[in-house]
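K.L.:
Just need the structure, nothing else, for what follows:
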Amino acid sequence: AASLSNMQKEETSLRKRRFDSSKPEPEHAFTRKRTGGEREQPPEEKSEAEPLLLQPGTFWLTRIVLLRCIAFIYFVAFIVALNQNKQLIGERGLMPCKQYLREVKRYVGGKINMDALSYAPTVLWFLDWSDMDTNLDNIALIGLGLSTFVLLTGIANMIVMALLWILYHSLVNVGQLWYSFGWESQLLETGFLGIFLCPLWSLRQVPQHSPPSRITIWTFRWLIFRIMLGAGLIKIRGDRCWRDLTCMDYHYEVTLIVSGNLSFLNWLTIVPSIACFDDKSLGFLFSSAEGKAKQLVTKIQSQEASGQKPDPTLGMLIRRVVNVSMGLLIAYLSVPVVLNLLSSKQIMNTSFNPLRIVNTYGAFGSITKERTEVVFQGTSSPDHSDPTAVWEEYDFNCKPGSLNRRPCLISPYHYRLDWLMWFAAFQTYEQSEWVIQLAGRFLANDTVALSLIAHNPFEGREPPRWIRGEHFRYKFSDPGGSHAAQGKWWIRKRIGPYFPPLNLGGLRKYFESRNWPHPDIH
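P.N.:
Here you go, the predicted structure:
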(Lines give C-alpha, C1' and ligand atoms only; values in the text may rest on other atoms or scores of the structure.)
Protein backbone atom coordinates (compact mmCIF):
# COMPACT_ATOMS: atom_id res chain seq x y z
CA ALA A 1 0.00 0.00 0.00
CA ALA A 2 2.87 2.33 0.82
CA SER A 3 4.46 1.48 -2.51
CA LEU A 4 1.19 2.17 -4.39
CA SER A 5 0.87 5.50 -2.56
CA ASN A 6 4.41 6.51 -3.57
CA MET A 7 3.75 5.62 -7.23
CA GLN A 8 0.60 7.75 -7.24
CA LYS A 9 2.53 10.72 -5.79
CA GLU A 10 5.25 10.42 -8.46
CA GLU A 11 2.59 10.25 -11.22
CA THR A 12 0.87 13.35 -9.81
CA SER A 13 4.23 15.18 -9.65
CA LEU A 14 5.06 14.17 -13.24
CA ARG A 15 1.67 15.37 -14.50
CA LYS A 16 2.22 18.67 -12.67
CA ARG A 17 5.62 19.11 -14.29
CA ARG A 18 4.16 18.35 -17.73
CA PHE A 19 1.35 20.83 -17.13
CA ASP A 20 3.78 23.50 -15.89
CA SER A 21 6.11 23.00 -18.84
CA SER A 22 3.29 23.95 -21.18
CA LYS A 23 3.25 27.46 -19.70
CA PRO A 24 5.23 30.04 -21.73
CA GLU A 25 8.52 30.99 -20.15
CA PRO A 26 9.56 34.66 -19.98
CA GLU A 27 10.04 35.97 -23.54
CA HIS A 28 13.65 36.96 -23.00
CA ALA A 29 14.61 33.38 -22.20
CA PHE A 30 12.77 31.51 -24.89
CA THR A 31 12.01 31.48 -28.60
CA ARG A 32 9.05 29.60 -30.09
CA LYS A 33 9.42 26.56 -32.27
CA ARG A 34 8.57 26.75 -35.93
CA THR A 35 7.04 23.83 -37.79
CA GLY A 36 9.74 21.28 -38.20
CA GLY A 37 11.48 22.11 -34.96
CA GLU A 38 13.09 25.41 -36.13
CA ARG A 39 13.14 28.17 -33.54
CA GLU A 40 12.21 31.79 -34.29
CA GLN A 41 12.01 34.96 -32.24
CA PRO A 42 8.57 36.24 -31.31
CA PRO A 43 7.37 38.99 -33.66
CA GLU A 44 7.37 41.56 -30.91
CA GLU A 45 11.05 40.81 -30.25
CA LYS A 46 12.33 41.59 -33.82
CA SER A 47 14.53 44.68 -34.11
CA GLU A 48 15.57 46.75 -37.11
CA ALA A 49 18.98 46.07 -38.67
CA GLU A 50 21.73 48.33 -37.44
CA PRO A 51 22.82 50.97 -40.02
CA LEU A 52 25.96 50.12 -41.93
CA LEU A 53 29.03 52.09 -40.92
CA LEU A 54 31.74 53.41 -43.20
CA GLN A 55 34.87 51.29 -43.21
CA PRO A 56 38.42 52.58 -43.75
CA GLY A 57 40.48 52.01 -46.86
CA THR A 58 38.24 53.31 -49.66
CA PHE A 59 38.23 56.73 -51.33
CA TRP A 60 34.82 57.27 -52.91
CA LEU A 61 33.95 60.20 -50.67
CA THR A 62 37.55 61.42 -50.80
CA ARG A 63 37.16 61.74 -54.55
CA ILE A 64 34.04 63.90 -54.18
CA VAL A 65 35.78 66.23 -51.73
CA LEU A 66 38.86 66.46 -53.94
CA LEU A 67 36.83 67.26 -57.05
CA ARG A 68 34.86 69.96 -55.27
CA CYS A 69 38.02 71.55 -53.89
CA ILE A 70 39.78 71.52 -57.27
CA ALA A 71 36.64 73.01 -58.83
CA PHE A 72 36.61 75.77 -56.20
CA ILE A 73 40.18 76.80 -57.04
CA TYR A 74 39.38 76.72 -60.77
CA PHE A 75 36.30 78.86 -60.09
CA VAL A 76 38.37 81.53 -58.34
CA ALA A 77 41.07 81.41 -61.02
CA PHE A 78 38.54 81.88 -63.84
CA ILE A 79 36.80 84.73 -61.94
CA VAL A 80 40.16 86.51 -61.70
CA ALA A 81 40.75 85.85 -65.39
CA LEU A 82 37.34 87.20 -66.39
CA ASN A 83 37.81 90.37 -64.35
CA GLN A 84 41.42 91.15 -65.26
CA ASN A 85 42.57 89.43 -68.45
CA LYS A 86 41.31 92.07 -70.88
CA GLN A 87 43.22 94.77 -69.00
CA LEU A 88 46.39 92.69 -68.74
CA ILE A 89 46.62 90.59 -71.92
CA GLY A 90 43.65 91.70 -74.03
CA GLU A 91 43.52 93.87 -77.16
CA ARG A 92 44.42 96.98 -75.17
CA GLY A 93 46.12 95.15 -72.31
CA LEU A 94 49.47 96.00 -70.81
CA MET A 95 50.96 92.90 -72.47
CA PRO A 96 48.62 91.88 -75.31
CA CYS A 97 48.60 88.11 -75.82
CA LYS A 98 47.96 88.58 -79.54
CA GLN A 99 51.31 90.27 -79.90
CA TYR A 100 52.94 87.56 -77.80
CA LEU A 101 51.50 84.79 -80.00
CA ARG A 102 52.69 86.57 -83.12
CA GLU A 103 56.19 86.71 -81.70
CA VAL A 104 56.08 83.00 -80.85
CA LYS A 105 54.82 82.22 -84.34
CA ARG A 106 57.65 84.23 -85.87
CA TYR A 107 60.17 82.53 -83.59
CA VAL A 108 59.13 79.01 -84.67
CA GLY A 109 59.21 79.79 -88.39
CA GLY A 110 56.00 81.66 -89.10
CA LYS A 111 53.65 78.67 -88.87
CA ILE A 112 51.23 77.32 -86.29
CA ASN A 113 52.75 73.87 -85.87
CA MET A 114 53.83 71.50 -83.14
CA ASP A 115 56.74 73.76 -82.27
CA ALA A 116 54.32 76.63 -81.64
CA LEU A 117 52.02 74.39 -79.59
CA SER A 118 54.94 73.07 -77.57
CA TYR A 119 56.26 76.56 -76.88
CA ALA A 120 52.86 77.96 -75.88
CA PRO A 121 50.17 75.27 -75.49
CA THR A 122 46.87 77.17 -75.87
CA VAL A 123 43.59 76.83 -77.74
CA LEU A 124 43.98 80.45 -78.82
CA TRP A 125 46.10 79.22 -81.72
CA PHE A 126 42.93 77.82 -83.28
CA LEU A 127 40.62 80.79 -82.65
CA ASP A 128 39.97 83.99 -84.57
CA TRP A 129 42.38 86.67 -83.37
CA SER A 130 40.28 89.59 -84.65
CA ASP A 131 38.60 89.91 -81.23
CA MET A 132 40.97 88.52 -78.63
CA ASP A 133 39.00 90.05 -75.75
CA THR A 134 36.00 87.88 -76.65
CA ASN A 135 38.21 84.81 -76.86
CA LEU A 136 39.63 85.46 -73.40
CA ASP A 137 36.18 86.10 -71.94
CA ASN A 138 34.74 82.95 -73.51
CA ILE A 139 37.53 80.78 -72.11
CA ALA A 140 36.94 82.23 -68.66
CA LEU A 141 33.16 81.89 -68.90
CA ILE A 142 33.27 78.25 -70.04
CA GLY A 143 35.72 77.51 -67.23
CA LEU A 144 33.42 79.22 -64.76
CA GLY A 145 30.44 77.21 -65.93
CA LEU A 146 32.22 73.85 -65.73
CA SER A 147 33.85 74.57 -62.36
CA THR A 148 30.54 75.76 -60.91
CA PHE A 149 28.86 72.51 -61.97
CA VAL A 150 31.54 70.34 -60.34
CA LEU A 151 31.66 72.54 -57.22
CA LEU A 152 27.91 72.37 -56.62
CA THR A 153 27.33 68.70 -57.51
CA GLY A 154 30.60 66.97 -56.67
CA ILE A 155 30.20 65.21 -60.02
CA ALA A 156 32.73 65.14 -62.85
CA ASN A 157 34.12 62.87 -65.51
CA MET A 158 37.47 62.86 -67.27
CA ILE A 159 36.14 65.02 -70.09
CA VAL A 160 34.94 67.82 -67.79
CA MET A 161 38.18 67.86 -65.79
CA ALA A 162 40.30 67.72 -68.95
CA LEU A 163 38.41 70.70 -70.39
CA LEU A 164 39.04 72.71 -67.23
CA TRP A 165 42.72 71.86 -67.41
CA ILE A 166 43.02 72.76 -71.10
CA LEU A 167 41.15 76.05 -70.66
CA TYR A 168 43.31 77.22 -67.77
CA HIS A 169 46.45 76.03 -69.54
CA SER A 170 45.41 78.19 -72.48
CA LEU A 171 45.39 81.28 -70.27
CA VAL A 172 48.56 80.55 -68.31
CA ASN A 173 50.62 80.04 -71.45
CA VAL A 174 49.73 83.45 -72.89
CA GLY A 175 49.58 85.24 -69.54
CA GLN A 176 53.29 86.07 -69.68
CA LEU A 177 54.52 87.95 -66.61
CA TRP A 178 51.06 88.11 -65.02
CA TYR A 179 50.81 84.30 -64.87
CA SER A 180 54.44 83.54 -64.03
CA PHE A 181 54.04 82.35 -60.44
CA GLY A 182 54.24 78.96 -58.80
CA TRP A 183 50.56 78.66 -57.97
CA GLU A 184 49.66 78.60 -61.69
CA SER A 185 51.82 75.53 -62.31
CA GLN A 186 50.60 73.99 -59.05
CA LEU A 187 46.97 74.37 -60.11
CA LEU A 188 47.75 72.83 -63.50
CA GLU A 189 49.49 69.84 -61.88
CA THR A 190 46.66 69.41 -59.37
CA GLY A 191 44.06 69.73 -62.13
CA PHE A 192 45.90 67.18 -64.28
CA LEU A 193 45.77 64.61 -61.48
CA GLY A 194 42.08 65.42 -61.00
CA ILE A 195 41.37 64.17 -64.52
CA PHE A 196 42.33 60.64 -63.50
CA LEU A 197 40.19 60.64 -60.38
CA CYS A 198 37.07 60.37 -62.53
CA PRO A 199 35.28 57.89 -64.74
CA LEU A 200 35.51 58.54 -68.46
CA TRP A 201 31.82 59.21 -69.19
CA SER A 202 29.68 58.67 -66.12
CA LEU A 203 28.26 61.71 -64.34
CA ARG A 204 27.39 60.15 -61.00
CA GLN A 205 28.85 60.91 -57.59
CA VAL A 206 29.40 57.21 -56.87
CA PRO A 207 29.87 55.33 -60.16
CA GLN A 208 30.14 51.75 -58.89
CA HIS A 209 32.14 50.49 -61.88
CA SER A 210 34.74 53.30 -61.57
CA PRO A 211 36.27 53.31 -58.08
CA PRO A 212 38.94 55.95 -57.36
CA SER A 213 42.34 54.76 -58.53
CA ARG A 214 44.83 54.07 -55.75
CA ILE A 215 47.56 55.20 -58.14
CA THR A 216 45.89 58.61 -58.52
CA ILE A 217 45.44 58.92 -54.75
CA TRP A 218 49.16 58.29 -54.30
CA THR A 219 50.09 60.87 -56.96
CA PHE A 220 48.21 63.49 -54.94
CA ARG A 221 50.17 62.40 -51.88
CA TRP A 222 53.39 62.61 -53.88
CA LEU A 223 52.42 66.17 -54.86
CA ILE A 224 51.84 67.39 -51.30
CA PHE A 225 55.05 65.65 -50.17
CA ARG A 226 57.07 67.53 -52.81
CA ILE A 227 55.38 70.83 -52.01
CA MET A 228 56.12 70.61 -48.29
CA LEU A 229 59.62 69.19 -48.67
CA GLY A 230 60.57 71.70 -51.37
CA ALA A 231 59.26 74.62 -49.34
CA GLY A 232 61.25 73.48 -46.33
CA LEU A 233 64.50 72.77 -48.15
CA ILE A 234 64.52 76.09 -50.01
CA LYS A 235 64.29 77.89 -46.66
CA ILE A 236 67.00 75.83 -44.97
CA ARG A 237 69.31 76.37 -47.96
CA GLY A 238 68.26 79.99 -48.42
CA ASP A 239 68.01 82.99 -46.14
CA ARG A 240 69.83 82.60 -42.84
CA CYS A 241 66.91 84.17 -41.00
CA TRP A 242 64.96 80.89 -41.44
CA ARG A 243 67.68 79.05 -39.56
CA ASP A 244 67.86 81.81 -36.96
CA LEU A 245 64.07 81.71 -36.58
CA THR A 246 63.80 85.45 -37.23
CA CYS A 247 62.23 85.54 -40.71
CA MET A 248 58.73 85.87 -39.34
CA ASP A 249 59.76 89.15 -37.72
CA TYR A 250 59.55 90.63 -41.22
CA HIS A 251 57.53 88.21 -43.30
CA TYR A 252 54.00 89.41 -42.56
CA GLU A 253 54.85 93.09 -42.89
CA VAL A 254 56.69 92.83 -46.19
CA THR A 255 54.86 90.02 -47.97
CA LEU A 256 51.91 88.04 -46.75
CA ILE A 257 49.41 90.55 -45.42
CA VAL A 258 49.58 92.94 -48.37
CA SER A 259 49.42 92.72 -52.17
CA GLY A 260 47.12 89.82 -52.63
CA ASN A 261 47.81 87.41 -49.76
CA LEU A 262 49.48 84.90 -52.11
CA SER A 263 46.41 84.48 -54.31
CA PHE A 264 44.80 81.03 -53.88
CA LEU A 265 48.14 79.36 -53.09
CA ASN A 266 47.39 78.43 -49.48
CA TRP A 267 43.95 77.11 -50.41
CA LEU A 268 45.41 75.14 -53.32
CA THR A 269 48.09 73.56 -51.15
CA ILE A 270 45.42 72.08 -48.88
CA VAL A 271 43.83 70.21 -51.79
CA PRO A 272 46.31 67.33 -52.38
CA SER A 273 46.54 66.71 -48.63
CA ILE A 274 42.88 65.63 -48.72
CA ALA A 275 44.06 62.45 -50.46
CA CYS A 276 45.62 61.42 -47.14
CA PHE A 277 42.12 60.84 -45.70
CA ASP A 278 39.85 57.92 -46.59
CA ASP A 279 36.06 57.64 -46.62
CA LYS A 280 35.80 56.84 -42.93
CA SER A 281 37.75 59.98 -42.06
CA LEU A 282 35.67 62.26 -44.31
CA GLY A 283 32.28 60.65 -43.74
CA PHE A 284 31.20 63.38 -41.30
CA LEU A 285 31.02 65.80 -44.24
CA PHE A 286 28.20 63.84 -45.89
CA SER A 287 24.53 63.23 -45.20
CA SER A 288 23.46 59.72 -44.13
CA ALA A 289 20.13 59.99 -45.96
CA GLU A 290 18.95 57.11 -48.13
CA GLY A 291 20.28 57.29 -51.68
CA LYS A 292 23.00 59.83 -50.85
CA ALA A 293 26.70 59.27 -51.51
CA LYS A 294 27.57 58.12 -48.00
CA GLN A 295 24.83 55.49 -47.94
CA LEU A 296 25.80 54.24 -51.41
CA VAL A 297 29.42 53.88 -50.35
CA THR A 298 28.50 51.83 -47.28
CA LYS A 299 26.52 49.47 -49.52
CA ILE A 300 29.47 49.07 -51.87
CA GLN A 301 31.77 48.37 -48.92
CA SER A 302 29.30 45.81 -47.56
CA GLN A 303 29.04 44.06 -50.92
CA GLU A 304 32.81 43.94 -51.30
CA ALA A 305 33.20 42.58 -47.77
CA SER A 306 30.85 39.73 -48.64
CA GLY A 307 32.78 39.00 -51.83
CA GLN A 308 30.27 40.62 -54.20
CA LYS A 309 32.22 42.68 -56.73
CA PRO A 310 31.04 44.01 -60.09
CA ASP A 311 32.01 41.87 -63.03
CA PRO A 312 35.07 43.26 -64.82
CA THR A 313 34.30 45.11 -68.03
CA LEU A 314 36.37 46.34 -70.95
CA GLY A 315 35.97 49.91 -69.69
CA MET A 316 37.37 48.94 -66.28
CA LEU A 317 40.35 47.29 -67.94
CA ILE A 318 41.03 50.35 -70.12
CA ARG A 319 40.78 52.66 -67.14
CA ARG A 320 43.25 50.51 -65.22
CA VAL A 321 45.71 50.68 -68.11
CA VAL A 322 45.27 54.46 -68.29
CA ASN A 323 45.89 54.86 -64.57
CA VAL A 324 49.00 52.69 -64.64
CA SER A 325 50.28 54.67 -67.62
CA MET A 326 49.62 57.93 -65.79
CA GLY A 327 51.52 56.66 -62.75
CA LEU A 328 54.49 55.71 -64.92
CA LEU A 329 54.39 59.14 -66.59
CA ILE A 330 54.41 60.91 -63.22
CA ALA A 331 57.32 58.74 -62.09
CA TYR A 332 59.30 59.53 -65.23
CA LEU A 333 58.64 63.28 -65.06
CA SER A 334 59.54 63.29 -61.36
CA VAL A 335 63.17 62.37 -62.01
CA PRO A 336 64.44 65.94 -62.67
CA VAL A 337 62.22 67.22 -59.85
CA VAL A 338 63.79 64.80 -57.36
CA LEU A 339 67.28 65.66 -58.60
CA ASN A 340 66.45 69.32 -58.06
CA LEU A 341 65.28 68.63 -54.50
CA LEU A 342 68.55 66.84 -53.77
CA SER A 343 70.67 69.59 -55.31
CA SER A 344 72.37 72.20 -53.16
CA LYS A 345 71.47 74.67 -55.93
CA GLN A 346 67.75 73.92 -55.67
CA ILE A 347 65.51 76.10 -57.80
CA MET A 348 61.88 76.67 -56.94
CA ASN A 349 58.63 77.05 -58.88
CA THR A 350 60.00 75.65 -62.13
CA SER A 351 58.52 73.40 -64.80
CA PHE A 352 60.64 70.88 -66.69
CA ASN A 353 58.00 70.18 -69.36
CA PRO A 354 55.75 72.52 -71.38
CA LEU A 355 52.55 70.96 -70.03
CA ARG A 356 53.58 71.61 -66.40
CA ILE A 357 52.52 68.14 -65.29
CA VAL A 358 55.21 67.70 -62.61
CA ASN A 359 56.92 70.80 -61.21
CA THR A 360 59.23 72.03 -58.48
CA TYR A 361 57.80 74.13 -55.68
CA GLY A 362 59.04 76.30 -52.87
CA ALA A 363 58.51 79.79 -51.55
CA PHE A 364 60.46 82.55 -49.86
CA GLY A 365 63.91 81.07 -49.93
CA SER A 366 65.05 84.61 -49.23
CA ILE A 367 63.18 87.27 -47.30
CA THR A 368 63.21 91.00 -47.92
CA LYS A 369 63.59 92.82 -44.63
CA GLU A 370 61.96 96.07 -45.78
CA ARG A 371 58.69 96.89 -47.51
CA THR A 372 59.28 99.28 -50.40
CA GLU A 373 56.54 100.60 -52.67
CA VAL A 374 56.25 102.52 -55.93
CA VAL A 375 53.67 105.29 -55.68
CA PHE A 376 52.30 106.82 -58.91
CA GLN A 377 51.67 110.54 -58.70
CA GLY A 378 50.16 112.86 -61.32
CA THR A 379 49.92 116.61 -61.69
CA SER A 380 48.05 119.03 -63.95
CA SER A 381 50.83 121.58 -63.70
CA PRO A 382 52.45 122.44 -67.07
CA ASP A 383 55.86 122.46 -65.37
CA HIS A 384 56.72 119.35 -63.39
CA SER A 385 59.63 121.13 -61.70
CA ASP A 386 57.41 123.90 -60.31
CA PRO A 387 57.69 123.65 -56.51
CA THR A 388 54.03 124.67 -56.23
CA ALA A 389 52.86 121.79 -58.43
CA VAL A 390 50.28 119.60 -56.68
CA TRP A 391 51.02 115.90 -57.08
CA GLU A 392 48.06 113.57 -56.51
CA GLU A 393 48.42 109.87 -55.79
CA TYR A 394 46.85 106.87 -57.50
CA ASP A 395 45.61 104.17 -55.11
CA PHE A 396 45.73 100.48 -56.01
CA ASN A 397 43.26 97.87 -54.82
CA CYS A 398 45.44 96.11 -52.30
CA LYS A 399 49.02 97.31 -52.15
CA PRO A 400 50.03 99.95 -49.59
CA GLY A 401 49.43 103.54 -50.65
CA SER A 402 47.38 105.74 -48.37
CA LEU A 403 48.75 105.59 -44.85
CA ASN A 404 45.25 105.36 -43.39
CA ARG A 405 44.13 102.31 -45.34
CA ARG A 406 44.35 99.02 -43.51
CA PRO A 407 45.96 96.03 -45.24
CA CYS A 408 43.46 94.14 -47.34
CA LEU A 409 42.59 90.48 -46.89
CA ILE A 410 41.21 89.16 -50.17
CA SER A 411 42.62 85.62 -50.56
CA PRO A 412 41.79 83.44 -52.46
CA TYR A 413 41.02 86.26 -54.91
CA HIS A 414 44.05 87.89 -56.48
CA TYR A 415 44.98 91.29 -57.86
CA ARG A 416 47.66 90.48 -60.38
CA LEU A 417 48.75 94.08 -60.99
CA ASP A 418 49.18 94.79 -57.26
CA TRP A 419 51.25 91.64 -56.86
CA LEU A 420 53.58 92.63 -59.71
CA MET A 421 53.91 96.13 -58.26
CA TRP A 422 55.44 94.53 -55.17
CA PHE A 423 58.16 92.95 -57.32
CA ALA A 424 58.70 96.15 -59.26
CA ALA A 425 59.42 98.01 -56.02
CA PHE A 426 62.67 96.13 -55.39
CA GLN A 427 63.73 96.28 -59.03
CA THR A 428 64.29 99.24 -61.32
CA TYR A 429 61.87 100.50 -63.94
CA GLU A 430 64.37 99.36 -66.59
CA GLN A 431 63.85 95.82 -65.29
CA SER A 432 60.06 96.29 -65.17
CA GLU A 433 59.34 98.23 -68.35
CA TRP A 434 55.62 97.55 -68.10
CA VAL A 435 55.57 100.13 -65.26
CA ILE A 436 56.33 102.84 -67.82
CA GLN A 437 53.54 101.57 -70.06
CA LEU A 438 51.17 101.76 -67.10
CA ALA A 439 52.29 105.36 -66.48
CA GLY A 440 51.48 106.15 -70.10
CA ARG A 441 48.00 104.68 -69.71
CA PHE A 442 47.42 106.82 -66.64
CA LEU A 443 48.56 109.91 -68.59
CA ALA A 444 45.86 109.18 -71.16
CA ASN A 445 43.19 108.43 -68.54
CA ASP A 446 42.86 105.04 -70.21
CA THR A 447 39.72 103.45 -68.77
CA VAL A 448 40.95 99.89 -69.40
CA ALA A 449 44.10 100.29 -67.32
CA LEU A 450 42.42 102.46 -64.71
CA SER A 451 39.84 99.73 -64.06
CA LEU A 452 42.66 97.75 -62.42
CA ILE A 453 43.15 100.27 -59.60
CA ALA A 454 41.00 101.60 -56.76
CA HIS A 455 41.29 105.38 -57.16
CA ASN A 456 42.09 107.68 -60.09
CA PRO A 457 42.59 111.23 -58.73
CA PHE A 458 41.83 112.66 -62.19
CA GLU A 459 38.53 110.88 -62.72
CA GLY A 460 36.02 113.22 -64.36
CA ARG A 461 38.77 115.74 -65.06
CA GLU A 462 41.39 116.41 -67.70
CA PRO A 463 44.17 113.81 -67.69
CA PRO A 464 47.35 114.70 -65.82
CA ARG A 465 50.11 116.37 -67.76
CA TRP A 466 52.87 114.57 -65.92
CA ILE A 467 53.23 111.25 -64.11
CA ARG A 468 56.09 110.29 -61.85
CA GLY A 469 56.98 107.30 -59.71
CA GLU A 470 58.12 107.83 -56.15
CA HIS A 471 59.93 105.18 -54.13
CA PHE A 472 58.94 104.82 -50.46
CA ARG A 473 59.85 102.57 -47.57
CA TYR A 474 56.77 101.42 -45.63
CA LYS A 475 56.46 99.88 -42.19
CA PHE A 476 53.58 99.20 -39.85
CA SER A 477 52.78 101.86 -37.30
CA ASP A 478 53.30 100.81 -33.69
CA PRO A 479 50.09 99.87 -31.85
CA GLY A 480 49.43 102.55 -29.29
CA GLY A 481 51.85 104.93 -30.98
CA SER A 482 51.13 108.44 -32.22
CA HIS A 483 50.65 107.36 -35.83
CA ALA A 484 48.22 104.61 -34.86
CA ALA A 485 46.31 107.11 -32.74
CA GLN A 486 45.80 109.17 -35.89
CA GLY A 487 44.32 106.15 -37.66
CA LYS A 488 47.46 105.45 -39.70
CA TRP A 489 48.29 101.84 -40.38
CA TRP A 490 51.56 102.72 -42.09
CA ILE A 491 54.59 104.94 -41.66
CA ARG A 492 56.53 105.72 -44.80
CA LYS A 493 59.80 107.42 -45.72
CA ARG A 494 60.76 108.59 -49.19
CA ILE A 495 63.74 106.78 -50.70
CA GLY A 496 63.88 108.82 -53.90
CA PRO A 497 62.45 108.87 -57.44
CA TYR A 498 61.57 105.53 -59.03
CA PHE A 499 61.14 106.99 -62.50
CA PRO A 500 61.32 110.65 -63.53
CA PRO A 501 58.33 112.81 -64.49
CA LEU A 502 56.92 111.67 -67.86
CA ASN A 503 54.45 113.08 -70.37
CA LEU A 504 52.78 111.55 -73.42
CA GLY A 505 54.94 113.38 -75.92
CA GLY A 506 58.12 112.21 -74.29
CA LEU A 507 56.89 108.59 -74.24
CA ARG A 508 56.11 108.37 -77.94
CA LYS A 509 59.52 107.07 -79.07
CA TYR A 510 59.80 104.81 -76.01
CA PHE A 511 56.50 103.15 -76.89
CA GLU A 512 57.30 102.87 -80.62
CA SER A 513 60.66 101.22 -79.93
CA ARG A 514 58.87 98.47 -78.01
CA ASN A 515 55.99 98.04 -80.43
CA TRP A 516 53.49 99.31 -77.88
CA PRO A 517 50.49 101.31 -79.11
CA HIS A 518 50.77 104.93 -78.03
CA PRO A 519 48.10 105.51 -75.35
CA ASP A 520 46.88 108.87 -76.64
CA ILE A 521 45.19 107.20 -79.64
CA HIS A 522 42.63 105.81 -77.23
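K.L.:
Please count neighbours and contacts with C-alpha atoms only from this point.
P.N.:
Will do.
K.L.:
What is the subsequent helix or strand relative to whatever helix or strand Asn83 lives in?
P.N.:
Element membership for Asn83 (DSSP states H and E) is helix 60-89. Next along the chain after helix 60-89, taking DSSP H and E as the criterion, comes helix 97-107.
K.L.:
the inter-axis angle of that next one versus helix 60-89?
P.N.:
90 degrees (axes from the mean of the first three to the mean of the last three CA atoms, to 10 degrees).
K.L.:
Go through helix 97-107 and flag the buried ones.
P.N.:
97-101, 104-105 (16 or more other CA atoms under 10 Å).
K.L.:
Show me what that helix is in contact with.
P.N.:
89-91, 111-112, 116, 119-120, 125, 129, 132, 174-176 (CA atoms under 8 Å, 6 or more residues apart in numbering).
K.L.:
Next: stretch 127-135.
P.N.:
Here stretch 127-135 has contacts from 86, 90-91, 98, 124, using CA under 8 Å, 6+ apart.
K.L.:
I'd like those as a markdown table, with distance to Trp222 and pLDDT appended.
P.N.:
Below are those laid out as a markdown table (distance: CA to CA, whole Å; pLDDT from 0 to 100):
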| residue | distance to Trp222 | pLDDT |
| --- | --- | --- |
| Lys86 | 36 | 96 |
| Gly90 | 37 | 95 |
| Glu91 | 40 | 93 |
| Lys98 | 37 | 95 |
| Leu124 | 32 | 97 |
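K.L.:
Redo those as JSON lines? Include distance to Pro500.
P.N.:
As requested, the contacts of stretch 127-135 are arranged in JSON lines below (distance: CA to CA, whole Å):
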{"residue": "Lys86", "distance to Pro500": "28"}
{"residue": "Gly90", "distance to Pro500": "28"}
{"residue": "Glu91", "distance to Pro500": "28"}
{"residue": "Lys98", "distance to Pro500": "30"}
{"residue": "Leu124", "distance to Pro500": "38"}
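K.L.:
For Leu339, state which of the residues you listed is nearest.
P.N.:
Leu124 (34.2 Å; CA to CA).
K.L.:
Test my guess that the closest one contacts Val172.
P.N.:
No. If you go by CA atoms under 8 Å, Leu124 and Val172 don't touch, sitting 11.5 Å apart.
K.L.:
per-residue pLDDT, the nearest residue to Leu53 once chain neighbours are set aside?
P.N.:
In space, Leu53 comes closest to Thr298 once its chain neighbours are excluded; the distance is 6.4 Å by CA to CA, 6 or more residues apart in numbering. pLDDT for Thr298: 94.
K.L.:
Confirm Thr298 sits in a strand?
P.N.:
No. Counting by DSSP: H, G, I helix; E, B strand; the rest coil, Thr298 is located in no strand; its state is helix.
K.L.:
Assess the claim that it and Leu54 are in contact.
P.N.:
Yes. The criterion here is CA under 8 Å, and Thr298 meets it with Leu54 at 5.5 Å.
K.L.:
Would you format the buried residues of helix 97-107 as CSV with distance to Phe220 included?
P.N.:
As requested, the buried residues of helix 97-107 are exported to CSV (distance: CA to CA, whole Å):
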residue, distance to Phe220
Cys97, 32
Lys98, 35
Gln99, 37
Tyr100, 34
Leu101, 33
Val104, 33
Lys105, 35
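K.L.:
what stretches of the stretch 401-522 of the chain score poorly on pLDDT?
P.N.:
521-522 (pLDDT under 70).
K.L.:
now the helices: where do they sit in it?
P.N.:
416-425, 434-443, 447-450, 482-485, 504-513 (DSSP state H, counting those that start in this stretch).
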